[in-house]
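Undergrad: Sequence first, predicted coordinates after that:
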Amino acid sequence: MRTNAMKTSTVLLLVCTIFVLCGAADALERPGVEFRIFQFPADMIPRIDGDTSDWDIVPGDYVIGTDQLQETVRGRGAAIDTTDINVRVRVGWVRGLNRLYFLYEAYDDYWDFARDSLQNDIFELVVDGDLSGGPLIKQMNPNRDRVSIEDLHFTFHGVHAQNYHIFTPPGNKDWTMVWGCPQWIKDLPYAHHAYSYDFRHGESGNLVLEFWITPFDYAPYEGPENAVMSSLDENAIIGLSWSILEYDNTDTYEGFYNLSHKTTMYGDASDLCAFRLMPLEERFRKPLEPYWTFTIVDMDRRLVFFKDMSHGTVNGWLWNFGDGTTSDEQNPLHTFMSPGEQTVTLTVTGPAGTSKFTRVWDVVLK
């Protein structure tokens with residue numbers, strides 16, 4: 001049985017290991033290649049139901065197909081026969097939601113999913129939301145000669161980056177095997193999935209898998225209470241890759257086709273690919289959208305910093321702080337004379353006209 005002392009020591013070891021390995025983020029695979037993650041408007045979030053129509057707004061150049069994959073285990077470097085297996089993947093996100101959305105569309109000439117085991121056609125997905133890099137599975141931990149595999153499993157495996165073995169389709173199994181200790185990440189409210197297909201085991205056909213996951217910078221075995229979600233921010237780069245494990249009624253996969261072009265992407269986050277979280281496309285935006293945030297710099301002095309985050313061409317700003325004072329600075333620092341709930345309005349002016357944005361009682365001072 002694992003004692004509290006053992007848990008404490010191994011957690012400290014985990015933290016030290018991750019700290020040392022953070023520099024590995026620069027070593028993402030396929031230098032010079034950067035894939036894109038489409039930003040869905042907040043009112044057009046894809047419904048997870050196996051219907052691909054929600055993804056029609058995603059431009060074709062976001063599609064990542066079989067041509068980007070490489071066989072890295074059996075027949076390394078050999079061309080992939082698209083009459084045997086052919087896939088298309090699109091990835092999306094929504095600003096303000098720490099979720100990654102996926103649409104996986106695949107044709108296979110033999111879908112293998114009858115066994116109650118890991119031997120199943122698989123879409124293997126690995127994500128490293130904060131580019132921490134380095135090993136994410138116990139078998140690759142550099143301290144495995146000092147710490148038992150058991151303890152590495154419960155304190156390290158899948159904690160700072162996550163590996164999903166997604167069954168395509170699962171048959172009677174759960175939709176995915178999370179390879180690591182945080183099994184809770186594959187269920188609501190941290191993930192959701194839907195399939196659409198009309199073939200049986202051993203038949204050919206087309207499969208649609210639609211799902212979303214939540215990437216975590218820290219996903220402990222114990223559960224979500226102390227977990228840390230990855231922060232998904234516009235224009236940021238995350239580590240992401242996938243592979244296709246193809247079984248044709250065999251005990252060993254016949255193909256390992258992966259996006260990273262490096263087999264060890266399954267267990268080393270430094271071997272993932274660079275994916276950029278793209279801004280919202282202009283066609284979904286108004287020509288002028290005022291928006292702002294704030295930071296209370298000093299509560300005792302009622303000193304507040306206001307930051308303009310408006311979209312569009314802006315050449316004039318007018319802040320009304322609701323206390324009889326105004327400012328024409330873009331990012332003012334303002335001292336309120338009285339405590340309480342404040343109502344602040346920013347009016348912006350540009351070639352597209354004039355527009356304003358008000359926050360009512362967001363700023364509260366004592």
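TA: Perfect, I can see it now. Values in this document were obtained by computation on a predicted structure and should not be read as measured data. Numbers count the residues shown, from 1 in each chain.
Undergrad: got the phi/psi numbers for the nearest residue to residue 199 once chain neighbours are set aside?
TA: Leaving aside its sequence neighbours, residue 199 sits nearest to residue 205 (CB to CB, 6 or more residues apart in numbering; 3.3 Å). For every residue, glycine as well, the C-beta is placed using N, CA and C. Backbone geometry at residue 205, expressed as degrees, to the nearest 10, gives phi 150, psi -180.
Undergrad: got a list of what residue 205 touches?
TA: 107, 108, 111, 197, 198, 199 (CB atoms under 8 Å, 6 or more residues apart in numbering).
Undergrad: Restricted to strands, list those.
TA: Among the contacts of residue 205, the members found in strands (DSSP state E) are 107, 108.
Undergrad: Most neighbours among the contacts of residue 205, which one is it?
TA: Sorting those by how many neighbours each has (other CB atoms under 10 Å) puts residue 111 first, at 26 neighbours.
Undergrad: residues in contact with that one?
TA: 121, 168, 169, 197, 199, 200, 201, 202, 203, 204, 205, 207.
Undergrad: right, and the secondary structure at the last one would be what?
TA: Under the three-state scheme (DSSP: H, G, I helix; E, B strand; the rest coil), the conformation of residue 207 reads as strand.
Undergrad: Nearest spatial neighbour of it, chain-adjacent residues omitted?
TA: Using CB to CB, 6+ apart, the nearest residue to residue 207 is residue 197, at 4.4 Å.
Undergrad: surely the one you found meets residue 206?
TA: Yes. Using CB atoms under 8 Å, residue 197 is in contact with residue 206, at 6.8 Å.
Undergrad: So the residue most central in space within the chain versus residue 327, what's the distance?
TA: Of all residues in the chain, the one closest to the mean position by CA atoms, centre = their mean is residue 100, 4.2 Å from it. Using CB to CB, to the nearest Å, we find residue 100 at a distance of 39 Å from residue 327.
Undergrad: In CSV, list the contacts of residue 205 along with distance to residue 345 and pLDDT.
TA: As requested, the contacts of residue 205 are exported to CSV (distance: CB to CB, whole Å; pLDDT from 0 to 100):
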residue, distance to residue 345, pLDDT
107, 55, 98
108, 57, 97
111, 58, 97
197, 52, 97
198, 55, 96
199, 58, 97
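Undergrad: Where does the prediction get shaky in the stretch 151-300 of the chain?
TA: The stretch 151-300 of the chain contains no residues with pLDDT under 70.
Undergrad: which stretches of the stretch 1-150 of the chain form helices?
TA: 4-21, 149-155 (DSSP state H, counting those that start in this stretch).
Undergrad: hmm, what's the outermost residue in this structure?
TA: Seen from the C-alpha centroid of the chain, the residue lying at the greatest distance (CA atoms, centre = their mean) is residue 324, 44.3 Å away.
Undergrad: contacting residues around residue 287?
TA: Taking CB under 8 Å, 6+ apart, we find residue 287 in contact with 312, 352, 353.
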